[in-house]
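J.: quick one, fold the following:
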Amino acid sequence: MKYFILAGGYGKRVQPLSSVKPKPVFPLDGTPLIQILLSQLNAAGLGSGFINTHHLPRAVEHCVRDWPGYGDGSGIRFLYEEELSGSMILKDAVWDLDDGEPLLSLNGDTFMEIPIDAMTRLVNRTDVDGVLVARKNRDPRYN
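T.: I've put the predicted structure just below:
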């Protein structure tokens, strides 16, 4: 399975911070969110995928290239969007998949633990076309 990280948005809900730095590059305990996500994907055996960029693309690319797991054979491909297209950018990644290979799509500011093994088991069933993960947050401060 390959992954697709959506990292091109403007981060409008966190402006003005996102006018200087894109959300996937925001640090959590000193580590950029996208590096946390890449480490989690790598630990689950997902070594190759795509990262879309648009808003401040060099900051995202630089941050990914600074990630300790990045190297010449890392299998990460950047897809720059001249204009944000929503999910239409996924079509560029789908053409690179093997027939029937699933694609894990994630937001670049994801930092929660993703149950990749359970998702893979579900998506490999013949009667399932896709899997959506959602968690209820019991914290009343979270909308």
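J.: what about the strands in this protein?
T.: 2-6, 27-28, 31-32, 49-53, 76-80, 103-107 (DSSP state E).
J.: which of the ones you listed has the lowest mean pLDDT?
T.: Lowest mean pLDDT of the strands of the chain: strand 103-107, a mean of 84.
J.: using CSV, write out every CA atom in the helix or strand of the chain with the lowest mean pLDDT.
T.: In the chain, no helix or strand scores lower on mean pLDDT, DSSP states H and E than helix 90-94, which sits at a mean of 76. What follows is helix 90-94 as a C-alpha-only set of coordinates in CSV (Å, rounded to 0.1, in the frame of the first residue of the first chain):
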residue,chain,number,x,y,z
LEU,A,90,-5.3,12.0,-6.1
LYS,A,91,-5.7,11.0,-9.7
ASP,A,92,-2.0,11.7,-10.3
ALA,A,93,-1.2,9.2,-7.6
VAL,A,94,-3.7,6.6,-8.6
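J.: contacting residues around that helix?
T.: Taking contacts as CB atoms under 8 Å, 6 or more residues apart in numbering, the residues outside helix 90-94 that touch it are Lys2, Phe4, Gly49, Phe50, Leu79, Leu103, Ser105. All C-beta spots, glycine's among them, are computed from the backbone N, C-alpha and C.
J.: and if we set it to 6 Å?
T.: Outside of helix 90-94, the residues within contact range by CB atoms under 6 Å, 6 or more residues apart in numbering are Phe4, Phe50, Leu79.
J.: name the residues of that helix that are buried.
T.: By 16 or more other CB atoms under 10 Å, the buried positions in helix 90-94 come out as Leu90, Ala93.
J.: now swap in stretch 50-61 and tell me
T.: Phe50, Ile51, Asn52, Thr53, His54, His55, Leu56, Pro57, Ala59, Val60, Glu61.
J.: what's the answer for stretch 7-16, then?
T.: For stretch 7-16, the neighbour count (16+ other CB under 10 Å) marks Ala7, Gly8, Gly9, Gly11 as buried.
J.: who's in contact with the last one?
T.: Spelled out, it's Gly11. Contacts of Gly11 by CB under 6 Å, 6+ apart are Ser18, Lys23.
J.: from Asn42, how far out is it?
T.: 24 Å (CB to CB, to the nearest Å).
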